[in-house]
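> can't give you the sequence, but here's the structure:
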């Protein structure tokens with residue numbers, strides 16, 4: 001019971017934005033995971049790249065803020081991984097589309 005009380009009242013506990021901010025940001029990770037089932041043609045390259053930059057910046061923020069926010073760091077590291085995968089799917093789809101257009105033009 002004392003451990004739970006210590007967590008609840010800690011500087012990164014559920015009474016602070018250090019806790020609820022990362023909890024809310026897990027929605028980005030879940031959305032990215034759900035989007036993996038969609039065709040790569042539906043992926044916005046610009047938005048996915050923006051999400052990669054966003055997560056990279058906030059990983060650094062989570063590391064530098066005092067007290068360190070490991071929950072936020074884990075959230076944005078997970079989002080960075082998901083978004084980089086989505087970006088690679090988008091890039092492969094763009095490459096395939098370009099190659100198909102070139103083949104069609106040469107025939």
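Here it is on my side, so go on. No experiment lies behind these values; they were computed from the predicted model shown.

> show me the residues around the most centrally placed residue in the chain that make contact.
When C-alpha atoms, centre = their mean is applied to the chain, the residue found nearest the centroid is residue 79 (2.0 Å). By C-beta atoms under 8 Å, 6 or more residues apart in numbering, residue 79 lies in contact with 25, 28-29, 32, 51, 55. Quick note: C-beta positions are derived from backbone N, CA and C, even for glycine.

> how near is it to residue 30?
Separation of residue 79 from residue 30 (C-beta to C-beta, to the nearest Å) stands at 10 Å.

> Same check on residue 57?
20 Å.

> Then residue 55?
Applying C-beta to C-beta to residue 55 and residue 30 gives a distance of 14 Å.

> and if you look at residue 24?
Distance from residue 24 to residue 30, by C-beta to C-beta: 11 Å.

> do the same with residue 23
12 Å.

> Give me the distance from the longest helix seen in the chain to the chain's centre.
In the chain, assigned by DSSP state H, the helix with the most residues is helix 70-106. Centroid separation for helix 70-106 versus its chain: 13 Å, with C-alpha atoms, centre = their mean, to the nearest Å.

> Mind listing residues that contact the lowest-mean-pLDDT helix or strand in the chain?
Ranked by mean pLDDT, DSSP states H and E, the weakest helix or strand in the chain is helix 2-8, scoring a mean of 88. If you take C-beta under 8 Å, 6+ apart as the criterion, helix 2-8 is touched by 13-15.

> Tell me who's in contact with residue 15.
Listed by C-beta under 8 Å, 6+ apart, the contact set of residue 15 reads 8-9.

> Give me the secondary structure label for it.
coil (DSSP: H, G, I helix; E, B strand; the rest coil).

> Against residue 7, how distant is it?
Residue 15 sits 10 Å away from residue 7, going by C-beta to C-beta.

> What backbone torsions are found at residue 12?
Backbone geometry at residue 12, expressed as degrees, to the nearest 10, gives phi -120, psi 20.

> what's the neighbour count on it?
By other C-beta atoms under 10 Å, 18 other residues sit near residue 12.
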